[in-house]
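*Asks:* Got a predicted model here, sequence first, then my questions.
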Amino acid sequence: MGRELDGPLGPSCVHVAVDCQRMFLEQTDWHVPWMGRVLPMIARITEAHPDATIFTRFIPPRHPGEARGAWRRYYQRWSSMTIEKLGEAMLDLPDELRRFVPPAQIADKHVYSPWLDGDLEKKLKARRADTLVVTGGETDVCVLATILGAVDLGYRVVVATDALCSSSDETHDSSLKVFEHRFGQQVEAVKTADILAAWT
């Protein structure tokens, strides 16, 4: 991408790893084929700063009838991804990331955005965070919702371009272009190595 960071990352920086869960990594109807390829990059950032990492988890309803509004129709289509079909264990982080919790924290959510229920922001305020490093999946869905909300709330947003994944290569690539060009003043899209070098 060629972008450089707008200065160093310091103690007010928090790594938000979006929805790195078994239900996306393993063979389910929401399998993200190359999540396994980016997990080592996510693990590198987490290992360097485990006490400054928050993992979001996307939590579906127990059954379609628990969902509200248009989400109910959505889960009628994707009933295989409800908790009663998946099982609780599939909501968890894979072993290579779960080993960092604690000190890393978990913030659960029930929709694409992690900002609506306030749990993530409460954790960030407790840390006096002003900068977010964002990794995880999917680039064009939950990562996008995380980034847009963070921009609206005034956080400095740094995206690790080689630590993101999607089940759609086309919209993943398009999303990276949006981050770099449309949000170039508010989103710093760089490589994991650049983040690790700048975060002291």
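*Replies:* On my side now, so go ahead.
*Asks:* burial count for Thr171?
*Replies:* Taking other C-beta atoms under 10 Å as the neighbour definition, Thr171 ends up with a count of 16. (Glycine included, C-beta is placed from N, CA and C.)
*Asks:* what do you get for Ala104?
*Replies:* Here the count is done by other C-beta under 10 Å, and Ala104 has 21 residues near it.
*Asks:* nearest spatial neighbour of it, skipping sequence neighbours?
*Replies:* Thr53 (4.1 Å; C-beta to C-beta, 6 or more residues apart in numbering).
*Asks:* Just the CA trace of stretch 73-89, in PDB.
*Replies:* Output for stretch 73-89, consisting of C-alpha atoms alone and laid out as PDB, is shown next (Å, rounded to 0.1, in the frame of the first residue of the first chain):
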ATOM      1  CA  ARG A  73     -35.000 -13.400   8.700                       C
ATOM      2  CA  TYR A  74     -31.300 -13.400   8.400                       C
ATOM      3  CA  TYR A  75     -31.000 -16.200  11.000                       C
ATOM      4  CA  GLN A  76     -33.800 -18.200   9.400                       C
ATOM      5  CA  ARG A  77     -31.600 -18.300   6.300                       C
ATOM      6  CA  TRP A  78     -28.500 -19.000   8.400                       C
ATOM      7  CA  SER A  79     -30.100 -21.200  11.100                       C
ATOM      8  CA  SER A  80     -27.000 -23.500  10.900                       C
ATOM      9  CA  MET A  81     -25.000 -20.600  12.600                       C
ATOM     10  CA  THR A  82     -27.200 -20.300  15.600                       C
ATOM     11  CA  ILE A  83     -25.900 -21.400  19.000                       C
ATOM     12  CA  GLU A  84     -28.300 -24.400  19.200                       C
ATOM     13  CA  LYS A  85     -26.800 -25.700  15.900                       C
ATOM     14  CA  LEU A  86     -23.200 -24.600  16.300                       C
ATOM     15  CA  GLY A  87     -22.600 -25.200  20.000                       C
ATOM     16  CA  GLU A  88     -21.000 -22.800  22.500                       C
ATOM     17  CA  ALA A  89     -17.500 -23.900  21.800                       C
END
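*Asks:* list the buried ones in that stretch?
*Replies:* The neighbour-count criterion (16 or more other C-beta atoms under 10 Å) identifies 75, 81-83, 86 as the buried residues of stretch 73-89.
*Asks:* that older thread, thought Ala107 was touching the residue nearest to Ala104, still the case?
*Replies:* No. The pair Thr53 and Ala107 fails to qualify as a contact (C-beta atoms under 8 Å) at a distance of 10.9 Å.
*Asks:* tell me the residue furthest from the middle of the chain?
*Replies:* Farthest-out residue of the chain from its mean C-alpha position, per C-alpha atoms, centre = their mean: Gly65, at 26.6 Å.
*Asks:* Parallel or antiparallel, which strands does the longest strand seen in the chain pair with?
*Replies:* With secondary structure taken from DSSP state E, the chain has its longest strand at strand 156-165. Using DSSP bridges, the neighbouring strands of strand 156-165 in the sheet come out as strand 131-137 (parallel), strand 187-190 (parallel).
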